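Student: Can you look at this prediction? I've put the sequence above it.
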Amino acid sequence: MSSTATDWLATQFNTASWTVNQVCIPILFFVGIIGWTLNTITFSRPSLRSNSCATYFHASSWANLCVLFWSPFIYAVGNWSGYRLPARSILFCKIRIYFITMFCHTSVAFLLLACGDRFMLCSRNANRRRLCHVRIAYKMIIITIIICALLPLYIPLKYNRLSVVSNLCIIDIDFLIFDITYKSTIWAIIPPSLMLTLGSLTIYSLKQNARQIANIRIQIHSKDRQLVAMLIGQITLYITTTWPYVAMMIYNVLTQNILPSHKSVTRNAIETFALSFSANFFLYLYNAISFLIYTLTAPSFRRELFLALVPRFIRQQFHNRIGATTTLQQAENRTGKVSYIRSRAQVMIE
């Protein structure tokens, strides 16, 4: 490849890295804030507050907010202002990495709890189904936060080196293999394995409950089925966004002894882009767009969001307008009996 083509390719990757850092990451943060706001509003609805799985989703939204603050927000502020506090204070750098790791663990753990909750709900064992309660969910959330706060305590103790490239704190060389193994296991191996196992068992149980076996059939409400769909969407998103970062992390370990001066300009540009995209943007896509997954996979979530955002008088006008053009409408009178009204002109609610 000629030097001109090489320089052009390196320039393109450098431009892509700049776009990721200066444009994509701030957009990711603002999208995450909007999604967190709408998630919080929706999961605070009375119909979802009483559901244990929705409680785990709600808690996961708060953990995602903390991740977005400690990573994309601080990173974007440093790029825009030119004052990168993590590069100037090793103490702040340690605290930042600790909280990013802690809240990433917490968010994933809540998703695992939601998987377990749906699996137990489909069980034929009544004692297991009783565990799918909001009070149990609150206790499990507190226990999970404590465990996730303890797991990455090695970070403030062992992140003492400064990177030659970024001037950020990095793991001590004698703990590098441990750090890579820990993150690969906790992020990329254990959670996806448990998610896929529990998700598969939940889907199998739903299919089994759809059949009449020995005159015993567990009734699963439509909203609970839609929560399973939301869960499957979150699992798919998590696995998709995690593995590129893990692959890049392993690559950095394998090539750590090769100095940047011994690499070509194009290779350095490609590695910089891959690291920026996988570690600073794509990894946190899971934390930012959960709202879109919920909206696309669950009609009940869209309905609750509609009820939460649209004022009641507007909903009533909308309902009347739809009812006026519907050939078959259902109305409930004061006695609770259901009557069917065939009319194109008006809706009559007794």
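Tutor: Received the coordinates, thanks. Residues are numbered from 1 along each chain as shown.

Student: Which elements pack onto the helix or strand harbouring Tyr138?
Tutor: Assigned by DSSP states H and E, Tyr138 falls within helix 134-150. Helix 134-150 is packed against helix 52-68, helix 90-121, with contacts defined by 3 or more C-beta pairs under 8 Å, 6 or more residues apart in numbering; DSSP states H and E. All C-beta atoms are positioned from the backbone trio N, CA, C, and that covers glycine.

Student: what angle do that helix and helix 90-121 make?
Tutor: Helix 134-150 runs at 150 degrees relative to helix 90-121, counting by axes from the mean of the first three to the mean of the last three C-alpha atoms, to 10 degrees.

Student: Going by neighbour count, list what's buried in helix 134-150.
Tutor: The neighbour-count check on helix 134-150 (16 or more other C-beta atoms under 10 Å) flags Ile136, Ala137, Met140, Ile141, Thr144, Ile145, Cys148 as buried.

Student: what stretches of the stretch 251-350 of the chain score poorly on pLDDT?
Tutor: Within the stretch 251-350 of the chain, the segments meeting pLDDT under 70 span 313, 315, 318-350.

Student: Strands of that one, start to end?
Tutor: 329-332, 338-341 (DSSP state E, counting those that start in this stretch).

Student: angle of the helix holding Tyr138 against helix 52-68?
Tutor: Using the same axes, to 10 degrees, helix 134-150 lies at 30 degrees relative to helix 52-68.

Student: show me what contacts Tyr245?
Tutor: Trp187, Ser278, Ala279, Phe282, Leu283 (C-beta atoms under 8 Å, 6 or more residues apart in numbering).

Student: before we move on, which element is the residue lying closest to the first one once chain neighbours are set aside in?
Tutor: With sequence-adjacent residues excluded and distances taken as C-beta to C-beta, 6 or more residues apart in numbering, Trp187 is closest to Thr242, at 5.6 Å. Thr242 is part of helix 222-254 when elements are defined by DSSP H and E.

Student: Let's verify Thr19: helix, strand, or coil?
Tutor: helix (DSSP: H, G, I helix; E, B strand; the rest coil).

Student: looking at the helices and strands packed on helix 134-150, which is buried most?
Tutor: Burial of the helices and strands packed on helix 134-150 is given as mean neighbour count (mean count of other C-beta atoms under 10 Å); helix 52-68 ranks first at a mean of 24.

Student: and the helix or strand just after it with helix 52-68, angle?
Tutor: Once the chain leaves helix 52-68, the next helix or strand it forms, by DSSP H and E, is helix 74-81. Counting by the same axes, to 10 degrees, helix 74-81 lies at 30 degrees to helix 52-68.

Student: Next SSE downstream of helix 74-81?
Tutor: Downstream of helix 74-81 (by DSSP H and E), the next one is helix 85-88.

Student: re earlier: would you indicate which residues of the helix holding Thr242 are buried?
Tutor: Within helix 222-254, the residues that count as buried by 16+ other C-beta under 10 Å are 223-224, 226-235, 237-238, 241-243, 245-246, 248-249.

Student: got a markdown table for the helices and strands packed on helix 134-150, with distance to Gln256 too?
Tutor: Shown next, in a markdown table, are the helices and strands packed on helix 134-150 (distance: least, C-beta to C-beta, whole Å):
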| stretch | distance to Gln256 |
| --- | --- |
| helix 52-68 | 26 |
| helix 90-121 | 18 |
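
Student: where are the low-confidence patches of the chain?
Tutor: Across the chain, residues meeting the criterion (pLDDT under 70) sit at 1-3, 5, 164-166, 209-224, 313, 315, 318-350.

Student: How is it divided into domains?
Tutor: Using automatic domain parsing, the domain ranges for the chain come out as 3-309, 319-350.

Student: Of these, which stretch is the most buried?
Tutor: The most buried one of these (mean count of other C-beta under 10 Å) is domain 3-309, showing a mean of 17.
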